[in-house]
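Participant: task: produce atomic coordinates for the following.
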Amino acid sequence: MTAPSGSPRTDSGALSSPVQVSGPSSPSSLLTGPTAVLRRIGGSALTVFPIALSGTVFGWTTDGPTTTAILNRFVERGGTFIDTADSYAGGRSEIMIGNWMRERGNRDRLTIATKVGKSADNPGLSAPAVERAVKASLQRLRVSHIDLLYLHIDDESVPFDETLLAVDELIRAGDVRYFGGSHHTGNRLFEARIASGQLGVAPMVAVQNHYNLVHRDEYEGDLARVVAQLDLGVMPRFALAGGFLTGKYRSRADLERYRRGPEAAPHLNRHGLKLLSTMDRIAERTGTTVTTVGLSWLLSRPSVVAPVVSVSHPDQLDAVMAAPWTALSRHELTELDRVSAERRTQR
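Facilitator: Model (predicted):
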């Protein structure tokens, strides 16, 4: 795989190498050679281009033609990893992705992740609910198996053993290849790993969590240490903070101009604007965009495999898909770390 035309360059003028400068800390998670940009998901055999395209808006705020255009642009730019859920747009997201894959005939070249637990039809993580939800997702996606199944919630009303055994049955049946958690705490991830060992069933290989330059506390610290110890691949959700880290929200008027303004509103303050100013300077130096800088920073973090990113127009993918090819210098990464961490010390 080669870098796309117009790829950002390092200070020396050479094409940036994400494997050398922005890969996860575990050498086993990196691939070398012509497919060096691919990353392995935790302890699994799944390897993906390190951007996960979210299907959150498919069938909700994006119609059929726009969704198709987004998916086409994503794979044209090298994307291989698509993330959805049975609850997105009441299942329409899965249907649209499934129809698109059938029309393109490209299922075997993609890694498909979906989530169960929040659907109105099959809520929770009891064994019957998990089995019904997965079977329904398989039908909507029009696939024989799901590559990566996430538990969309941490359903503490159901014993972990019951959920783990249900998922393992689906793995043994060939309906699911691997599974992971979503917003589980470090303690719960450890509990799941211990239970998996005692039961002799497949363990989690991945986790999704809220993580970006303006939301670091939830992941960094205990959770990050647990993830590294358990060799879990991390897929940060809300990677661009509701659009704030694209740089398009600079004033209150901007918040009113866009649908996702309320999500970005909490970050539009002195600290947030200072961070955007820092990102502006780095984007100018590297010949990229604020979006690319924010995602490149995430890709430099230990255990991170692929930020989960949602777009509403195919043109927005150009900046997103440039991130894995963009090498931020040690100084630039340190600068982003320092400025983004200032909010913590100002509390």
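Participant: quick one: which helix or strand includes Ala327?
Facilitator: Using DSSP states H and E, Ala327 falls within no helix or strand.
Participant: quick check on it: phi, psi?
Facilitator: phi -100, psi 110 (degrees, to the nearest 10).
Participant: count the neighbours of it for me.
Facilitator: When neighbours are counted by other CB atoms under 10 Å, Ala327 registers 24. Yep, even glycine has a C-beta here, placed from its N, CA and C like the rest.
Participant: relative to Ala52, how far out is it?
Facilitator: 21 Å (CB to CB, to the nearest Å).
Participant: what's the answer for Ser296, then?
Facilitator: Taken as CB to CB, the span from Ser296 to Ala52 is 15 Å.
Participant: all strands of the stretch 201-347 of the chain, in order?
Facilitator: 206-210, 233-237, 308-309 (DSSP state E, counting those that start in this stretch).
Participant: hmm, I typed the wrong one, I wanted the stretch 1-150 of the chain.
Facilitator: Going by DSSP E, counting those that start in this stretch, the stretch 1-150 of the chain shows strands at 39-40, 47-48, 52-54, 81-83, 111-116, 146-151.
Participant: now these as CSV including distance to Met235?
Facilitator: Shown next, in CSV, are the strands of the stretch 1-150 of the chain (distance: least, CB to CB, whole Å):
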stretch, distance to Met235
strand 39-40, 11
strand 47-48, 9
strand 52-54, 6
strand 81-83, 7
strand 111-116, 8
strand 146-151, 9
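Participant: redo those strands as JSON lines? Include mean pLDDT and mean neighbour count.
Facilitator: Listed next are the strands of the stretch 1-150 of the chain as JSON lines, based on pLDDT from 0 to 100; neighbours: other CB atoms under 10 Å:
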{"stretch": "strand 39-40", "mean pLDDT": "98", "mean neighbour count": "22"}
{"stretch": "strand 47-48", "mean pLDDT": "98", "mean neighbour count": "21"}
{"stretch": "strand 52-54", "mean pLDDT": "99", "mean neighbour count": "27"}
{"stretch": "strand 81-83", "mean pLDDT": "99", "mean neighbour count": "26"}
{"stretch": "strand 111-116", "mean pLDDT": "98", "mean neighbour count": "27"}
{"stretch": "strand 146-151", "mean pLDDT": "99", "mean neighbour count": "24"}
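Participant: go through those strands and name the closest to Val320.
Facilitator: Nearest to Val320 among the strands of the stretch 1-150 of the chain is strand 52-54 (8.5 Å), distances taken as CB to CB.
Participant: pretty sure Leu276 is touching Gly243, no?
Facilitator: No. Contact criterion CB atoms under 8 Å: Leu276 and Gly243 do not qualify, at 11.9 Å.
Participant: mind checking which of those two has more residues around it?
Facilitator: The neighbour count for Leu276 versus Gly243, taken as other CB under 10 Å, is higher for Leu276 (26 against 23).
Participant: identify the residues contacting the more buried one.
Facilitator: Taking CB atoms under 8 Å, 6 or more residues apart in numbering, we find Leu276 in contact with 245, 247, 250, 290.
Participant: check the first one and give its pLDDT.
Facilitator: With respect to pLDDT, Leu245 scores 97.
Participant: any idea how far Arg104 is from it?
Facilitator: 30 Å.
Participant: and those two? Which one has more around it.
Facilitator: Leu245 (29 against 14).
Participant: isn't that one right next to Thr292, touching?
Facilitator: No. Judged on CB under 8 Å, Leu245 makes no contact with Thr292 at a distance of 10.3 Å.
Participant: what's the local residue count around the residue lying closest to Ala265 once chain neighbours are set aside?
Facilitator: Taking CB to CB, 6 or more residues apart in numbering, and ignoring the residues beside it in sequence, Ala265 has Leu255 as its nearest neighbour in space, at 5.4 Å. By other CB under 10 Å, the residues close to Leu255 number 17.
Participant: mind checking pLDDT for the spatially most central residue of the chain?
Facilitator: With distances taken as CA atoms, centre = their mean, the residue of the chain nearest its centroid is Val308 (2.5 Å). As predicted, Val308 sits at a pLDDT of 98.
Participant: what of Ile153?
Facilitator: 95.
Participant: contacts only, for it.
Facilitator: Contacts for Ile153 (CB under 8 Å, 6+ apart) come out as 117-118, 124-125, 182-183.
Participant: cool, Ala69 as well?
Facilitator: Contacts of Ala69 by CB under 8 Å, 6+ apart are Pro314.
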